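> Build the 3D model from these lines:
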Amino acid sequence: MEKAIEAIWQEGFLDDKAPIAPKLNDLYNQKSSNIVDKMTHMFKINLRALAAFAIVALITCVAVGLPYVGATLFTLFALLVVVGKRDLRSLEAIDKGVNSYEYIKAFNNWLKGNIARFSMIYRFFYPVLFVGIVLGLWFSHHGEKMLKKVIEIRPEIYLVDGVPVYWALAAVACTGIIALTAPALYRFDMKLVYGNIMKKLDEILADMEELRN
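Residues are numbered from 1 along each chain as shown. This is a model prediction of the structure:
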């Protein structure tokens, strides 16, 4: 009896024209559509937030006398938006006319490719962001004031061409650590923002795979 029921569900799932269990395809189509639509909506919101932050950061940094920091932030976040929009176009190009399994499978492949691509991007993004902020602060009048105060307090500080050596070594070490941990940080961010949706995606794919086997 259980095998017969399973066969009925498989038939209804695998064949859109099957007269048996016709609501099954509708159910999975709806689930697939809901997951993809929600993910796409959140992805678009994220891109808008990045674009807004890039503009606000540039204006704010210039206003407080940190133009190089502002330029760094704007450039890096603008690049993320450009890459994200390109990925969004490839997502919207997925054929929605195929069955629910092929559709959700294509979306899952897109998502994996997106995560892999941005993991690589963020391996460079975070270190460049850190270095850009450090250098931007250093070459600003804020950095000059800070160094003068430090020298007044600790005149024995070791300098080479006006640069505190230990500060420079610490910055290099931090940059290396950030580069090594960047992909993990990005995946953590993804899980934090999209974790629930990704879990539902895995569940529906597991259900579909089980029905197909």
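
> Name the nearest residue to Val128, sequence neighbours excluded.
The shortest distance from Val128 to any non-neighbouring residue, by CB to CB, 6 or more residues apart in numbering, is to Leu76 (6.5 Å). All C-beta spots, glycine's among them, are computed from the backbone N, C-alpha and C.

> quick one: that neighbour from Leu47, how far?
14 Å (CB to CB, to the nearest Å).

> One more: Phe107?
Distance, Phe107 to Leu47, by CB to CB: 18 Å.

> The residue nearest to Val128 against Val131, yeah?
No. Leu76 sits out of contact with Val131 when judged by CB atoms under 8 Å, with a separation of 10.8 Å.

> between those two, which one's more packed in?
Leu76 (19 against 16; other CB atoms under 10 Å).

> Identify each buried residue in stretch 203-210, please.
Along stretch 203-210, these residues count as buried under the neighbour rule (16 or more other CB atoms under 10 Å): 204-205, 208.

> which of these lies closest to Ala182?
Using CB to CB, Leu205 comes nearest to Ala182 of the buried residues of stretch 203-210, at 27.8 Å.

> Assign a three-state SS to the closest one, would you?
helix (DSSP: H, G, I helix; E, B strand; the rest coil).

> now Arg117: how far from Phe74?
22 Å.

> try Ala170
26 Å.

> Who has more neighbours out of the two?
Phe74 (19 against 12).

> Contact partners for the closest residue to that one other than its chain neighbours?
Sequence neighbours aside, Leu58 is the residue nearest to Phe74 in space, at 4.0 Å (criterion: CB to CB, 6+ apart). Residues in contact with Leu58 (CB atoms under 8 Å, 6 or more residues apart in numbering) are 70-71, 73-74.

> Could you check the pLDDT of Leu58?
Leu58 carries a pLDDT score of 94 in this model.

> What ranges does this structure have for its strands?
Assigned by DSSP state E, the chain shows strands spanning 159-160, 163-164.

> low pLDDT regions in this structure?
Along the chain, segments meeting pLDDT under 70 span 1-29, 97-98, 211-213.

> now the helices for it?
Counting by DSSP state H, one finds helices in the chain at the ranges 2-14, 22-63, 67-92, 100-138, 141-153, 165-212.

> could I get those as TSV with distance to Leu159?
Converted to TSV, the helices of the chain look like this (distance: least, CB to CB, whole Å):
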stretch	distance to Leu159
helix 2-14	71
helix 22-63	27
helix 67-92	22
helix 100-138	13
helix 141-153	8
helix 165-212	7
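
> Excluding covalently adjacent residues, which one is nearest to Arg187?
Counting by CB to CB, 6+ apart, the residue nearest Arg187 is Ser119, at 6.7 Å.

> Just give the number of residues close to that neighbour.
Residues near Ser119, counting by other CB under 10 Å: 16.

> please begin residue numbering at 516 from this point
Sure, I'll start numbering at 516, so the last one becomes Ser634.

> what's near enough to touch it?
So Ser634 contacts 697-698, 701-702 (CB under 8 Å, 6+ apart).
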